[in-house]
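> Sequence plus predicted model, see below.
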Amino acid sequence: MRYLIFLLLFTVLSASGQEIALTFDDAPRNDTQLFSGQERSKKLIENLKKAQVPDALFFVVTGQINKQNHTRLNDYIAAGFHLANHSHSHWSADRTDTEKYLADIAKADSILQKFENFIPLFRYPYLHEGKTRETRDPIRNYLDKHGYNNGYVTIDNYDWYMDHLLQRALKEGKQVNYEILKDLYINTLWQAITFYDDIALKTLGRSPKHVLLLHENDLAALFIADLVKYIRAQSWKIISPQEAYTDPIASTIPDVLFNNQGRVAAIAKSEGWKIKDLILDSEDEKYLDDLFESKKVFR
Ligand SMILES: [Zn+2]
């Protein structure tokens, strides 16, 4: 009993004062039914500012940059946010020839170096870092040699699939209940945050400075201020991504091939956790299909 009280106390004490940074992948993304790319960026910036987020990091796929959307990256910079490298072609390191993969990182780098506020962090597309040590290590060595750090995440989730469901419903001409959608987005992301924080508490004995994976999508543009408000209401603090990457886990690079659930999960795996315990239920298309259906988000 005394042990249980201690455990409870520990959980309560460790459940306050956590920190998290916001990152947005795949910028600049295309126009959708709801927003042109430009409208989306504008809304995202407005909402990040409204929520007084200290900084956000946009992981850019340079192959998606064109004459029209080029200025959106400068808009992020003008707002005080930062850019980082998410490759030129968004290939998976698990399925691409290493030489070709490295050349693709270099191509993105040469484009991004021209932008102010660029930070040499590389986020692996799909968080795939290579299926074998033979493919994984040359990429790690290359990044090291070129002054890059891994722009890892600690909170993985399926925000991209929730956005996909919204886009599909809009195309099908369905009515969207945005209030329900907002709650669902926030709740699902909050569950992901606490899921990985809990693994961190059990594995590291502390809560690290977290990095939340999001995408530069319509859901983020619509609901980021509400999400931030919700996170803060749980006594968490929003920090800048650059601060998040000063956490000791930034230099704890576990020797595992299981990297696509983020850094905390990779560290846990290296300490003997089972993969099934490191993946959240909501990181699943069928799970989200059913959830959206049961909550009647679309009509
Ligand atoms: Zn991506």
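Thanks, I have the structure now. Please read these numbers as outputs of a predicted model, since none were measured by experiment.

> Now for Y245: which residues touch it?
L121, N149, G151, K209, V211 (CB atoms under 8 Å, 6 or more residues apart in numbering). Every C-beta, even on glycine, is put in place using the N, C-alpha and C of the backbone.

> Please report how far N117 lies from L102.
To L102, N117 is 24 Å away according to CB to CB, to the nearest Å.

> The spatially closest residue to D55 that is not a sequence neighbour: what's it in contact with?
Distances taken as CB to CB, 6 or more residues apart in numbering place S240 nearest to D55, at 3.6 Å, with adjacent residues excluded. Going by CB under 8 Å, 6+ apart, S240 touches A21, P54, D55.

> pretty sure the last one is touching A79, no?
Right, D55. No: between D55 and A79 there is no contact under CB atoms under 8 Å: 9.6 Å.

> so S89 is in which element?
Using DSSP states H and E, S89 sits within no helix or strand.

> For it, grab the count of nearby residues.
Around S89 there are 17 other residues, counting by other CB atoms under 10 Å.

> That one and K43, how far apart?
Taking CB to CB, one finds S89 at 27 Å from K43.

> Which positions in the stretch 1-150 of the chain make contact with the ion?
D25, D26, P125 (CB under 5 Å from the ion).

> So which of those belong to helices?
Assigned to helices by DSSP state H, none of those qualify.

> which one of these has the most neighbours?
D25 (26 neighbours).

> check contacts around that one.
Contacts of D25 (CB under 8 Å, 6+ apart): F59, H86, R123, L213, L214, H215, E216.

> Could you report the pLDDT at the third one?
Spelled out, it's R123. pLDDT, R123: 98.

> which residues sit in contact with it?
Counting by CB under 8 Å, 6+ apart, R123 has contacts T23, D25, F59, A84, N85, H86, N150, G151, Y152, V153.

> at 10 Å what do you get?
R123 sits next to 23, 25-26, 57, 59-61, 84-87, 150-153, 211, 213 when contact means CB atoms under 10 Å, 6 or more residues apart in numbering.

> cool, and the first one?
Taking CB under 10 Å, 6+ apart as the definition of contact, the neighbours of F59 are 23-27, 82-87, 121-125, 151, 153, 213, 215-216, 241.

> What separation do you get for it and N259?
F59 is 16 Å from N259, by CB to CB.

> now the fifth one
Taking CB to CB as the criterion, L214 is separated from N259 by 19 Å.

> can you list the weak-confidence ranges in the stretch 1-150 of the chain?
Counting by pLDDT under 70, the stretch 1-150 of the chain contains low-confidence residues at 1-16.

> can you map out the strands along it?
19-27, 56-60, 82-85, 118-122, 149-150 (DSSP state E, counting those that start in this stretch).

> quick one: is the very next helix or strand once past the last one near the ion?
Spelled out, that is strand 149-150. Following strand 149-150 in sequence order, the next helix or strand is helix 159-171 (DSSP H and E). No: Helix 159-171 stays clear of the ion (CB under 5 Å from the ion), getting no nearer than 8.1 Å.

> Only the buried residues of helix 159-171, if you could.
D159, Y161, M162, D163, L165, L166, A169, L170 (16 or more other CB atoms under 10 Å).

> could you give the angle of it to strand 19-27?
50 degrees (axes from the mean of the first three to the mean of the last three CA atoms, to 10 degrees).

> mean confidence for helix 159-171?
Helix 159-171 comes out at a mean pLDDT of 98.

> what do you get for stretch 258-278?
97.

> and which of the buried residues of helix 159-171 is nearest to L181?
L166 (6.9 Å; CB to CB).

> how much space between that closest one and I139?
33 Å.

> can you give me the helices for the chain?
Going by DSSP H, the chain shows helices at 2-14, 37-50, 70-78, 98-112, 133-145, 159-171, 178-204, 218-233, 241-244, 263-270, 285-294.

> looking at those, which is buried most?
helix 263-270 (a mean of 24; mean count of other CB atoms under 10 Å).

> Quick one: residues contacting the one residue sitting closest to the centre of the chain.
Central residue of the chain (CA atoms, centre = their mean): L213, 0.9 Å from the mean position. For L213, the contact set (CB under 10 Å, 6+ apart) comprises 22-25, 59, 123, 127, 151-160, 189, 192, 262.
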